[in-house]
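Undergrad: with the input below, show me the fold.
(chains A and B)
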Amino acid sequence: MNEINVILNGKPVVGKAGESVLDLAKRNGIEIPTLCHDPRLEPYSSCFVCVVEIEGMRGLQPSCSTKITEGMKINTDNDKIHKARKSALDLIVSNHYADCVAPCKQTCPAGVDVQGYISLIEKGMYSEAVALIKQVNPLPAVCGRVCVRPCEAACRRNLLEENAGVGIDYMKRFASDMDLQSPNRYIAKAKPATGKKVAIIGAGPGGLSAAWFLQLEGHYCDIYEASPKPGGWLRYGIPEYRLPNDIIDKEVNAILELGLSQIHYNQKLGDNLSYKNLKQKYDAVILTIGSQGSTPVGCEGDDAENVFGGVDFLRNMEITGQRYNFKGKTVAVIGGGNTAMDCCRTSIRCHADKVYVLYRRTENEMPANPIEIHESKLEGVEYMFLTAPKKINKDENGKVKSITCLKMELGEPDASGRRRPVPVEGSDFDLPVDYILAAIGQKTLAPFIEDINQNADNGKFALNKYGNIDVNPATLQTGIPNVFSAGDAVKGPATAIEAIAQARRAALSCHQYLTGQEIKAEDYEFISRKDNFKKQTPTDYKGKFVNKNRHEMPTLQANQRLNFNEVELGYENEQVAQEEASRCLECGCVEYYTCDLKKHSTEYHATQENFKGDFREYNIRFDHPFIEIDNNKCILCARCVRICNEVVGANALGLVNRGFDTYVAPNLGLSLTETDCESCGLCISACPTAAISENVIFKPGPIKTEPVNSICNYCSVGCELEYHTKKDFVWRVTGANGFINKDTNICSYAKFGYNYINDKKRLTTPLYKENGTWKQISFEEAFKIITEQLNKQQGPHTAFFTGGRLTNEEMLLAQKLATTTNSTIGSFQYIGRGNGYAENSFANVPFDDIEKAEHIYILGTEINYEHPVVGYMIFNHQHKNEIQVSQITTIKNNKLTKKVNNTIVVDSYYYFIKAANHYLLSNNLQNQLFINQNSQHFEVYKTQLLSEKYEILIQKSGVDKATIEKFAKEYNEIHHAIIVFSEKNVSANASLELQNLALITGKLGKTAMGLISLKEKNNSEGLFNLGIGEGLDNFNKITNLNDHSLIDKLNSLQIKNFFIFGEDPIGTAIDKAKVEHWFNQASFIVVQDYFMTETAQKANLILPASLPYETGGSFTNTQRTIQKIEKQKNPPFKYCNIGQLIALAKKLGIHNFDSVDDVHEELNHLFANAKPMTFVFRSTEQDNQITLFKNGCDNINQQFMDYFDKKLTKKNKYEAVQ
Amino acid sequence: MENIKVLVGLASCGIAAGANKVFEKFNQIKENEHLPFELTKTGCIGMCYREPLVEIIDESGSYLYGEIDENKTIEIIEKHIKLGEPVKEYVVKTELFQNEDDTYWQGQVKIALRNCGVINPEIIEEYENRGGYQAIKNLIKNNIQSEQVIQTIIESGIRGRGGGGFPTGMKWKFAAASKSDEKYIICNADEGDPGAFMDRSVLEGDPHAVLEGMTIAAYAIGATEGVIYCRAEYPLAIKRLNIALEQAREKGYLGKNAHGKQGWNFDIHVKEGAGAFVCGEETALMASVEGRRGMPRKRPPFPAVSGLWKKPTNINNVETFANIPYIVLNGASSYNKYGTEKSKGTKVFALTGKIKRGGLVEVPMGISIKDIIFKLGGGIQNNKKFKAVQLGGPSGGCIPEYLSDTPVDYESITATGAIMGSGGMVVMDETTCMVDMARFFLDFTQKESCGKCTFCRIGTKRMLEILTRITEGEGKEGDIELLEQLAYQIKDSSLCGLGQTAPNPVLTTIKYFRHEYEAHIRDKKCPAHSCKKLITYTVDEDKCTGCTVCAKNCPVNAISGERKQIHFINQDACIKCGVCFSKCKFEAIKLS
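TA: Down below sits the predicted model:
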């Protein structure tokens, strides 16, 4: 019955009853695109991207909500389906007013991921930033100095603050310079050599880049350069005061460092190098020859002596190493571009008396970089705008004497959009000059055409009508199949970044050629653009972001510039770079790499133009400190709304309005912080775009991160997490498909509680207190001091304390240290709480069985804030199956009240449960058969309990008799009834009485009934298993070290030496004075932690702690599931926690452990030999103390709670101006 | 005079036309002069175009007076009531002499509307006196089995009158077959089509018929609770339903041991809808009843299996339920003797638009559209040319004049591309632009889309934008094809009826009036001279007498000219309201 036969795309397959077409297809390897479906939620069917055709059903069916039936014939792809999916996507993106990519990256010819590297620079990851840039541009230090920066012109900061785009290029330079100086400089790695060889003609930016990209693919490159040095126009065209030669050399070295290329100097194609040789030796050729010829002035007399082409002037100096001496001379530079700027500023440096720039339009039309114009003026260049040369007058020796100029005026705009200069009749005047530098333009010189065409086997090499090399514009392939070209030779004189961009394209085509692939333009990529909807204007930005001044580049004083020293000095320090990075508005989408909408739109070639029309624009909402809502990106799949309803049960989000005006908003028009939002972030995990995303406190990228898997180290549920990291920084945290959290759900602690890992205040070295001040010491010194102390202070006055966040392996080693030194061991978390918590994990209902429960009682926990993932399981089950959920609490209106079906408010959990037990036993309602078969000491318990007065128990419980009896009867009679409780608020004796109740009712240890106990820390359970937490005498722990009297010893100040691992008793104390008192007469205190906690401040010696994934080991969750964590990163110091303990153990003579695995093996051995558990009724006399500490006595829990509380009352990161 | 009975039609439409004042006048004179005639309220009489309507029944027979005001009331009392002389010129219907409006009634068969305009809907006994509650009483008294009741309904051939046309008996059968302790009966009274008002008339005029119909359905499927989901815009209907519910409970027809049947605790309550059109869709309706946002979901599961609160649920609309007591009381053959082979019984239509006699008619299935429009409806206003009729409201389609012989039955109507729908008939004449008409209906549906499905939410919006640009003369080549492509995709890929039918007006107008679309797009002309951006008003210089009427009436002072001089329309200022055109007595304003 469970098998259903269907025909899927013509093939018979067997499905499962109740399965959707989508799931069936997925199981059979057919990926159907979907946006609104989330496996955690009930099917919804709104996006209609997942449509399929089913024989006999009209129209197309959404596969997510169509259940398979016997004999169903399903077609998952055909033309009609494809068109429908594309239309659905076209329609969705036609109202998706958002940018996938920021304008800076879009505008960059090479597509450098500016937003990505700014994010890295913000975090001081300069080499990573360089690595990112070098994916598309191997010359960041060069470009960081000379790029014309179309990115900065396109930067939206300009709309917020006029002409003050983010200093993108300056930051790039800063990162590149930092990287070049760094001992851990970025060094790229080429793929294994392919054996293919490519000749590259020209070692300018194009040729160098082509070599870079080809080498990365494993191809060998020989670069032939006509000049004696590399760099092309970078070296020979751009003067050193802008681009020092050593910078070029360093970046060229980084290219050659890949190891698959060489540069051959003084080799010129068509001169001393023939295509014939190249053809024989190489599989392909890339021509990156640049535009070498300068355009003459083009008026009478331009053949006069001392009239130079601008680029020739610059090149000559570089080649000869001789600088012109213009002392006492007047120089006229003709032109308004960047070459003109280089010429005029160089002339000043050649000591010219006077330097004029003659330009036929006005300053507004000048193509030169404005900063260049500005600097040239500072340096003394004089401008003559609206002036054109008419004639060059020679002296008797044929040398320039003067220029006859014409004044111009601006007429109608020409083809370039600039106003055409028109001569003013009769405005001629003479300008006496000694030198003329014509920076008017360059042209491509290709004297080797015949050489190529004579020697080529097939195809024809040619120039186009502009005199540049004729190529296929999409692939840069010339008329000869294995010859490609890029850079100025193709485009005409342009910029370095354009040459680099083209070189990448030519290298890709060449790679395709070499590997036998089709040479084709890049695949379609869907990119959403706000500009597709409307032009962005200042009103879209002003008032929405805080204004921040641009950091200008520090430069040499004007009077120190009569030399070729670099004028721009680079940012002063990291802080400046980071402040400039903070100006980035993050226009591009943080989900660039993960967005489902983008993925499917790319696959189906959706466009925003196809159904262009009206669109909706919304203000982004930052009012929640962790959750950002950008309705512009929303596609109304309602996954956020549904997960908040179906799984969380908070109903914080809803849909507003109808039709095209529908949008998602926090309920009742409130701010999300004012709703019942639990800040769990599951909405973020559900969003297929970035309409709901994390409101982060740093620049999130987008960045490609590396996954690190770990188990959550907050509570005891044991969720598996994926930290998205790069270097040591955690970018975000998501849930993995864990053993416990199979559906990837995680809670606010895991989702948003990772900032401590990125905290710069984290301890990274051992510290030793001398004369009241902290001194950094080495680990070796620290171990020496500790062992000396331990050897000296052995015995009962010395105590070890291990926190519930430690791994089992750490606990075991700590325990070994204690045993060896005859010291005692305990955990502050459990100190003074009695011995009733040891057993409550032994017969828990597995979390997976929650979905079989009929009635769940939540006792003593606001589970949706304390152990939310268990809460999701309960409330999802309540939503799906309409089961009853009750809570028993001491807080009348708590955060759970709205979610449960009913609330019982008690004064005391202990007396409430005890009274219920009394009621059941005095009425003989116990499950005697179960008791007889499965437990011990029932009669003793019964006699003791019934000797107590029922009325007094009732009175102390604070609940009326009827309520208690109703509860007792219900729990007894409902088969699958479960009580879920948390140790945080439930005393140890109450925990014992709960266990007694589960025994009385015959539920303990049976399927989907009985108890679930929840502990505060990720490895609280480990403390019991290792005999550190206070347990009962016959408890099957593997050792029996715990010291019942530890609390008394602390109170009577008998403990003098403290070795505290991962706990902060002072910082988390409920009664701080009392706890501080314990340490008053201490002689020596060692603390191991992440931060300088309040307890650490009291210490004599502090050891830095490593994170779980920097340590490795295992945690035992509250249900006694042992989960391993691999060590995946090194801590930012020498010894991880385990390393520290092993080193100490060795010093104390314990030599059997060398690694975490050795410890783990011993643990396995110990666990395997543990005694089996038997259920025992335990009598209790009175209630006992709960806990002396908040937050599991752990500083990171404490930090998160403080952060959570603080953030939820504060405004957003942009502090939006109202 | 004691034997004279005066009934004033006090449905919403009557009240809107001033019937309350008429009723008050009758009452005032009756009180002041102590006249012993019987004065009572009744529901919709049907002849909307003659409202307010007053029926006087005396020994000689029945006289229906139309277009009555307070003055005419006085005259009627003086002449007819006091002297026994009917005021013939106000009479619009009587059996005693012929009347020009008689054709309006010829061919009508009143089953669903059998009590509307006849009984006082606020008095349960009046319903009972006409056989009301007899059907359910018989079932209980004779202990008729559920299967037998359902069989009767199946045999009667009645199909869902809300628009879907699904056989009612089959629907009941499915719900009856679902096993559950709790089942629900829902009456869909969320009548949302513009121009449709038959459900309102039934609820206002004969609420007990609906309650009895629901009770019979509950009896047949074993339901424990009934819900009437009524739009809040029908306050009078809700008021009268609540009165009727109270009366029925008092009589023991609802509540514990309903109708004396032990253990059958069936009650009904009214749930007011908040005005979302989509809530007429059954899955959205149930979501709304449950207190959630009214959004449809995919079927299956069908409500008969998992409906309200996930329990088996049967949903029918008002008109369907109103027919049920009649069928059960009189047998399947009393109903299925009307109609065609596959479409049995009668159907109520609401006639609106450019028709002479707008109002409610109930006709046997199979009658031709032409007969409804020309015989019952009296033809087109101002004797203009009949162009098309929109059937089924915004979900329906238009049927052109040349197909007006089409009989009204489910299959024939569907074959034209229109749908029967709930029975709204909007009649259009030659001055109606079909593109603009399609745009109007699509504007309605796209605003009423719940916003869930991509195609319905954005697709209808894009279609509307295309239609708008066409009517504004900005249409492009390829727009018709784009409309068709989107229309079919929206129909194919929407969860509920709203989306699946929203493109119908566009598709049928393209099908029958493609040339009008082409004229807008290619020639930038509106053949019906209706689209404002595509028409101009000019003065015919040969005909203009300089009377200044046009200039005086122009609301934007766009017309200038001295008395006795030829006038001139400033095109830049003209808002194309057409006032000049209609005011000119010399036909001197040209429309092109």
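
Undergrad: which element, helix or strand, includes the nearest residue to residue A:114 once chain neighbours are set aside?
TA: What sits nearest to residue A:114 in space, not counting adjacent residues and going by C-beta to C-beta, 6 or more residues apart in numbering or on different chains, is residue A:104, at 4.0 Å. All C-beta atoms are positioned from the backbone trio N, CA, C, and that covers glycine. When elements are assigned from DSSP states H and E, residue A:104 belongs to helix A:103-107.

Undergrad: quick one: the helices in the stretch 101-250 of chain A?
TA: A:103-107, A:114-122, A:126-134, A:140-146, A:150-154, A:157-160, A:168-181, A:205-216, A:233-236, A:245-256 (DSSP state H, counting those that start in this stretch).

Undergrad: could you list every helix and strand that the third one packs against?
TA: Which is helix A:126-134. If contacts are counted by 3 or more C-beta pairs under 8 Å, 6 or more residues apart in numbering or on different chains; DSSP states H and E, helix A:126-134 sits against helix A:114-122, helix A:140-146, helix A:168-181.

Undergrad: thinking again about what came up before, return the set of buried residues in the helix holding residue A:104.
TA: A:103, A:104, A:105, A:106, A:107 (16 or more other C-beta atoms under 10 Å in any protein chain shown).

Undergrad: got it, and stretch A:156-172?
TA: Those would be A:156-161, A:164-172, for stretch A:156-172 by 16+ other C-beta under 10 Å.

Undergrad: closest one of the residues you listed to residue B:226?
TA: Proximity of the buried residues of stretch A:156-172 to residue B:226 (C-beta to C-beta) peaks at residue A:156, which lies at 59.4 Å.

Undergrad: so the closest one touches residue A:536, yeah?
TA: Yes. Judged on C-beta atoms under 8 Å, residue A:156 makes contact with residue A:536 at a distance of 6.4 Å.

Undergrad: next one: residue B:250 from residue B:244, what distance?
TA: 11 Å (C-beta to C-beta, to the nearest Å).

Undergrad: mind checking which of these two has more residues around it?
TA: residue B:244 (27 against 11; other C-beta atoms under 10 Å in any protein chain shown).

Undergrad: which residues are in contact with that one?
TA: Applying C-beta atoms under 8 Å, 6 or more residues apart in numbering or on different chains to residue B:244 gives the contacts B:121, B:122, B:124, B:207, B:208, B:211.

Undergrad: nearest to chain A: which residue in the stretch 301-450 of chain B?
TA: residue B:449 (4.1 Å; C-beta to the nearest C-beta).

Undergrad: counting neighbours, what do you get for that residue?
TA: 29.

Undergrad: and if you look at the one 4 residues further on?
TA: A count of neighbours around residue B:453, defined by other C-beta under 10 Å, yields 29.

Undergrad: over to residue A:280?
TA: 9.

Undergrad: pLDDT wise, what is it at?
TA: pLDDT recorded at residue A:280 is 93.

Undergrad: how about residue A:1017?
TA: For residue A:1017, pLDDT reads 96.

Undergrad: for it, what are its contacts?
TA: A:713, A:714, A:715, A:716, A:803, A:804, A:805, A:829, A:1192, A:1193, A:1194, A:1197.

Undergrad: then it would be within a strand, right?
TA: No. Applying DSSP: H, G, I helix; E, B strand; the rest coil, one finds residue A:1017 to be coil, outside a strand.

Undergrad: circling back to that earlier point, just put the helices of the stretch 101-250 of chain A in a markdown table and tack on mean pLDDT.
TA: Output for the helices of the stretch 101-250 of chain A, formatted as a markdown table (pLDDT from 0 to 100):
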| stretch | mean pLDDT |
| --- | --- |
| helix A:103-107 | 97 |
| helix A:114-122 | 97 |
| helix A:126-134 | 97 |
| helix A:140-146 | 96 |
| helix A:150-154 | 95 |
| helix A:157-160 | 95 |
| helix A:168-181 | 97 |
| helix A:205-216 | 98 |
| helix A:233-236 | 94 |
| helix A:245-256 | 96 |
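
Undergrad: of these, which is nearest residue A:1159?
TA: Going by C-beta to C-beta, the one of those nearest residue A:1159 is helix A:126-134, 34.1 Å.

Undergrad: buried sites along that closest one?
TA: A:126, A:127, A:128, A:129, A:130, A:131, A:132, A:133, A:134.

Undergrad: name the nearest of those residues relative to chain B.
TA: So of these, ranked by how close each gets to chain B (C-beta to the nearest C-beta), first place is residue A:132, at 35.5 Å.

Undergrad: nearest residue to the residue most central in space within chain B other than its sequence neighbours?
TA: Nearest to the mean C-alpha position of chain B, counting by C-alpha atoms, centre = their mean, stands residue B:196 at 2.1 Å. Nearest residue to residue B:196 in three dimensions, chain neighbours excluded: residue B:424, at 3.7 Å (C-beta to C-beta, 6+ apart).

Undergrad: next up, the contacts around residue 224.
TA: All of this is about chain A. Here residue A:224 is in contact with A:199, A:200, A:201, A:202, A:203, A:263, A:264, A:267, A:268, A:269, A:273 (C-beta under 8 Å, 6+ apart).

Undergrad: please go with chain B instead
TA: Contacts of residue B:224 by C-beta under 8 Å, 6+ apart are B:181, B:182, B:183, B:184, B:218, B:265, B:266.
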